[in-house]
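In: Model the following, please.
(2 chains)
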Amino acid sequence: MSTKGKITGIISNLVMVEFDGPVSQNEICYIIHSGVKLMAEVIRIGKKTAYIQVFESTRGIKTGTTVEFTGHMLEATLGPGILSKNFDGLMHDLDKMTGIFLQKGDYTPALEEDKLWEFKPLAGPGDEIVAGSWLGEVTENWIPHKIMVPFSFKGTFTVKEISPAGEYKINDTIAVVTDSENTDHNVTMIQKWPVKIPIKAYKEKPRPFNFMETGIRVIDSLNPIVEGGTGFIPGPFGTGKTVLQHALSKQAEADMIVVAACGERANEVVEIFAEFPELDDPRSGRKLMERTTIVANTSNMPVAAREASVYTAMTISEYYRSMGLKVLLLADSTSRWAQALREMSNRMEELPGPDAFPMDLPAIISNFYARAGFVYLHNGQTGSVTFIGTVSPAGGNLKEPVTESTKKAARCFYALSQSRADSKRYPAIDAVDSYSKYLEYPEFQEYMQKNISPDWVENIILAKNILIRGRETYEQINILGDDGVPIDYHVIFWKSEVVDFVILQQDAFDKVDASTPIKRQRYMMDKVLEVYHTDFKFESFEEVNPYFKKIINIFKQMNYSEFESDDFKKYENELRTILQERKKEKTEIV
Amino acid sequence: METTAFQKIYTRIDQITKATIALHASGVGNEEMALVNDRLAQVVKIEGDLITLQVFSGTEGIPTNAEVVFLGHAPQLSVSDELGGRFFNAYGQPIDGGPEVEGKKVEIGGPSVNPVRRKQPSELITTGIAGIDLNNTLVTGQKIPFFADPDQPYNQVMAMVALRAKADKIILGGMGITNDDYLFFKNVFENAGAIERIISFVNTTENPPVERLLVPDMALTAAEYFAAEKNQNVLVLLTDMTLFADALSIVSNRMDQIPSKDSMPGSLYSDLARLYEKAVQFPDGGSITIIAVTTLSGGDITHAIPDNTGYITEGQLFLRKDTDIGKVIVDPFRSLSRLKQLVIGKKTREDHPQVMNTAIRLFADAANAKTKIENGFDLTDYDKRTMHFAKEYSEKLLAIDINIEIEKMIDTGWELFNKYFSVAEIGIKSEFVEKYGKRNINHKN
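Out: Down below sits the predicted model:
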C-alpha cells in the first residue's frame, strides 16, 4: 500500500505533511483538495514531516487534508508523439486542457494512447541488446523515431520476440526481451524516466568537434558553437536575448529543437506558437513546428514547476539524442529557474549563499550543463544535445551568482551589450568580450580547416583583432580629438566599423539578411578582409568618414540581396569601383 | 463583507506584530480572508492549528481578545456592468458614495491563461505621440511601464494615452498615489466625458500601505471580466508599482523572510510577473493592455524593482527633459516596445521600421557630437548636421505634446533626412528611398 499523509502546515506553496510510511526525497505526491488532485514534490524530509513544494496555487488548502505519495520521482513520458507538442513544465499537454484559463489539477496526458503508429522492426529474435538499443522505428512527422529498450533496463538482454511491421498503439507490446536470468520483459513504445537523472544510454561522450551552423554571423564567423556544445547568453533586458534565441531556433542546423520557455513572457511563447507552424525550415522544407517541441512554464505559471520544466526539456532532448539525432535545446531563461530555487530555499529557511541564492547553485547549474554533449551510441551512430541558455543578470551586472556559475559551466559565452543595443547594433553580441572555447580545440580547428576554409581560424582571430584595435583607436580619437590623431587612426577605426556593420550586425527581421549560410559568410568575410588589407589614401580625416560610410552602405545592400543574384553582383561591382578610387599604390607604406 | 450567524468567533490572539496576528483556529484555508475587530485580514501561514493573519490596515490598537471571524473565501470582487464609472477602495468597496455593486462574486488573483489559448497581439494602439507611435509602438495585450523619476509628468502622459487609446474600458489601479493625483485623474476622465468607461481602485497615501497589495488584483479581476466575458478591449493603468513593491517588502520583512537584492523579497519577480502577465489578447477579441508606472530613484534602473519589471514587461517608456527644446520627450534610446515588431511595417507603412531606426541612429550621432563639444573638439560638417537634425527631430517628433497620424510621422522623418543628409548617410534600402524618400530635395553630400 502506498504511503499517505495529512497536511500540518502551509506557507505559500511549501506544504508540511505528516506521513505514515516510507517516503523518498523528490518523490511525487498528490494533495486531494476538494476532489481535485494537486501535484507536489518532496523537497525535504524531517522527523515524521515531509516538506513538499506544490506545483499549483495553494489557495484554500486546509490542514488535515490527505496527501497520497506515488513512490516515484517526477517522470517524463517518452515515446512517439512528443514532436510539435506544447507541454507545461510537468509534461502535460497544454493543447488538451479545457478552457482559456489553466485550472488547478487539469493534468492531461503527454501522448495519445489511441493513436496508431506505423511500426517497423529493426532488431530480430536472438539479438543481444542493452538499454537504449533500437528495437524498431516509427515515423514521427518526418523523423525516424526509434523505439528503444527502456533506459532503466540494466545489463544485457536477448530479443525473444519482436512484433512484425504494422500499426500499433504506444502501449502495445512490440517486443519481449529476456534478461540474463531468463526472465521475460515486455517492451512497449513508451517508457518513463525521472527527469532529474541523466540518460546515459550511450557508449562514449568525446569532446565535441562538429561545427553547428546557426546562420548568425557573429556566432558562426566569430564565436562558433559545436554540435553537442554548450553556450550561454547573458544580457540586461532589452538587449535582444529572446530575438536571438528565436533566431537560433529558426535557423540552427539541428534535427530537433526543444524550447524551454522558463519563467519568461507568455507573449514570447505565443510568438512561437503563432509563427512556427507557418515558417519553413530552410533545411527540410517542412514547417518549423514539425521539428520543435515546446516546454512552457511562463512567468505567471506556478513557480515550483519552473525548475521541473528545464529538466523535462533536457530529458526529452536526451531521449531524441539516443535515436542518433542532433538536438538543440534552448532555455530562456535559466535565471528564472535559479530564482525558483531561491524562493524555495528561502521558505525552508536554509542559510542563504550570495544574493540569497542556495549554496549549491553552482553545482546545480554545472550538473545541468554537463547533460549536453555529443555521444557515440552503442551501435556506432552519433547523436548530440547542444544547449544554449540565456541568463538575465539582475541589474545587468555580470558578477551576480547565476552568471558567474554559468560562466564556469558553459563553453561559449555570448555577451549582449547594453551600449550596442542602445545604438541599435543588433544582434547586440559584443564580439570581443564573447568567446568560444571550442576555437582552442585542435579537433575542431581541424574540422573547420577541412570543411569550411583552410584559413578560417586565422581569419577569426584577425577579425577580432581588427575590432579590438578599432575600439582602442576610437578611444584615442575621443581623447585627442579628430584632428589630434594621424589620419591612419581614422582609417583603422573605420575598417573596424566595416567589420561591425557588415559581419556583426544582422537584420533578424529581413528575409534575406536574417540567416546567412556559412558559404556566404565565408565569402563576405573575405570581402571585408579585402577592404581591411587595402591601403587607402586620404588628404584629410574629414574624407575618411563619408568614404567608409559609402562602402558600408553598399555592403549593407549586398547583405539585403539574395546571394549571387544580379543585385548582389551589381553592388559588388560598385564596391570594386569605389575601392579603386582611393587605393594606394603598393610601394607606399601605411 | 458581513459575518453570518454560523461562523465561529475566536477571541484569543497569541501573537501580534506590526502587520500580523497569530491565533489557534481550525478548518481554515490558505489565503482565506478574515475580520479582526472588523479590520480585513488574510491567512498567510498555517502551522498546525496556529494561523498567521496579515492585517491589511495594520495592527495598531488590536487587543489580544479581539474578535476574529474567518470568512471562508479568498478576497473577492463583485463584477458586473455596474462597475463602469465607479470608484472603489483597495477592498473593492465604493468610495464615491454610490451603492454596492450587484454582480457575480469572483475571487481576485485567479488562474492564469493557458499560453496556447492566447492569441498573438496584433492590434496597434495609436496615441498620436510620435515618441510612442513611431519609435515604440504599442499593441493591444501588451504590458509596458513608464520608468520615470517622481518629478516627471508620467501620470499626465498616461492619462493622455488612456484617453486617446480608444479602449472600451479604462481601469485605474492607484497605489499610494497622492490625493491630488487621484483628483487629477478623476477630473481628466470626467472632462473628457469618458467617465462611464472608467473604473478606479484607489489606495492613496492617506491609506495604510499594505492595503495596496490588493489594488492590482482588484483592477485586473475587473479587467478580466470585461475582456474575457464581454470581449472588450480593456486598458489597465497601474500607478505606482514601485510603491506596490515597497509594500511587498514590508510584508516579507514582517514575515522574517531573508531579503534578496535591495531588501526586496526573493519572490519579487514572480509577484510582479503574476500581475503583468494578466495582459493578454483573448481569441474572441477581448484584450487586456497594461500601462504601469515604476518610479525610479535618481534614474537608477539597476534597482531590483525596475530591473525585475524590465524582464517581465514588453518594453519600457522613458521620459526625459530635452534641454535643447525645453520640452519633455520620450527618450528614444532607453525606451523600447518589444511588441512593435508585430505591427510596424505590417499594420503601418512598410518603410516605418527603417525610418524609425535611422532617425534614432542619427540622433545617437548627434549625442556623440555633443560629447565632442563638451570635450572641446571641433565638429565636422556631418556632426553639425546631425545636431541640427536632432533638435528638429526632438521638436517635431519626440516631444510629448505631438498629436499626429503615424503616416505623417514617417513622412516627417523623411523630410528631416532629406533636409540634412545624403542617401549614403541614411543607409536605408534603396527601394524605400526612391518610393517614399522624395530624394534629392535639399540633399547635401
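In: mind listing the strands in the stretch 151-300 of chain B by residue range?
Out: With DSSP state E, counting those that start in this stretch as the criterion, the stretch 151-300 of chain B has strands at B:169-177, B:198-204, B:233-239, B:280-281, B:287-295.
In: contacting residues around the second one?
Out: Contact with strand B:198-204 is made by B:83-90, B:92, B:95, B:169-179, B:182, B:185-186, B:189, B:211-212, B:215, B:218-219, B:222, as judged by C-beta atoms under 8 Å, 6 or more residues apart in numbering or on different chains. In this view, the C-beta of every residue, glycine as well, is placed from N, C-alpha and C.
In: Kindly give a single PyMOL line that selects the buried subset of those residues.
Out: To isolate the buried ones among the contacts of strand B:198-204 in PyMOL, judged by 16 or more other C-beta atoms under 10 Å in any protein chain shown, type:
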select buried, chain B and resi 83+84+85+86+87+88+89+90+92+169+170+171+172+173+174+175+176+177+182+185+186+189+211+212+215+218+219+222
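In: ok, for B:Asp168, nearest residue in space, not its chain neighbours?
Out: B:Gln232 (3.7 Å; C-beta to C-beta, 6 or more residues apart in numbering or on different chains).
In: Measure how buried the one you found is and give me the count.
Out: Neighbours of B:Gln232 under the rule other C-beta atoms under 10 Å in any protein chain shown: 19.
In: What's the local residue count around B:Asp180?
Out: 10.
In: ok, residues contacting the biggest helix by length in chain A?
Out: Secondary structure of chain A read by DSSP state H shows that its longest helix is helix A:456-480. Under the criterion C-beta under 8 Å, 6+ apart, residues A:221-222, A:224, A:431-432, A:439, A:445, A:448-449, A:453, A:485, A:489-490, A:492-493, A:495-497, A:499-500, A:503, A:522, A:525, A:528-529, A:532, B:371, B:375 lie in contact with helix A:456-480.
In: after it, next one along is what?
Out: Downstream of helix A:456-480, the next assigned helix or strand under DSSP states H and E is helix A:487-499.
In: Contacts made by that next one with the rest, please.
Out: A:463, A:466-467, A:469-471, A:473-474, A:476-477, A:482, A:528, A:531-532, A:536, A:538, A:540-541, A:544-545, A:547-548, A:551-552, A:555, A:590.
In: Close to chain B: what parts of the stretch 1-150 of chain A are there?
Out: Applying C-beta under 8 Å from any C-beta of the partner chain, we find that the stretch 1-150 of chain A lies next to chain B at A:8-12, A:16, A:57-63, A:86, A:94-95, A:97, A:99-104.
In: same thing with the stretch 401-550 of chain A?
Out: Contact residues, the stretch 401-550 of chain A versus chain B (C-beta under 8 Å from any C-beta): A:422-424, A:478, A:481-484, A:509, A:542, A:545-546, A:549-550.
In: Filter those residues down to the buried ones.
Out: A:Asp422, A:Ser423, A:Lys424, A:Asp482, A:Glu542, A:Asn545, A:Lys549, A:Lys550.
In: need the residues you listed in JSON lines with secondary structure and pLDDT, can you?
Out: What follows is these, written out as JSON lines (DSSP: H, G, I helix; E, B strand; the rest coil; pLDDT from 0 to 100):
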{"residue": "A:Asp422", "secondary structure": "helix", "pLDDT": "77"}
{"residue": "A:Ser423", "secondary structure": "coil", "pLDDT": "77"}
{"residue": "A:Lys424", "secondary structure": "coil", "pLDDT": "78"}
{"residue": "A:Asp482", "secondary structure": "helix", "pLDDT": "85"}
{"residue": "A:Glu542", "secondary structure": "helix", "pLDDT": "88"}
{"residue": "A:Asn545", "secondary structure": "helix", "pLDDT": "90"}
{"residue": "A:Lys549", "secondary structure": "helix", "pLDDT": "91"}
{"residue": "A:Lys550", "secondary structure": "helix", "pLDDT": "92"}
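In: closest to B:Met255 among the residues you listed?
Out: Of all those, B:Met255 sits closest to A:Asp422, with 39.3 Å by C-beta to C-beta.
In: Quick one: neighbours of the residue nearest to the closest one when sequence neighbours are not counted, just the number.
Out: Leaving out its chain neighbours, the residue that sits closest to A:Asp422 by C-beta to C-beta, 6+ apart is B:Phe333, at 5.1 Å. For B:Phe333, the neighbour count with other C-beta under 10 Å is 16.
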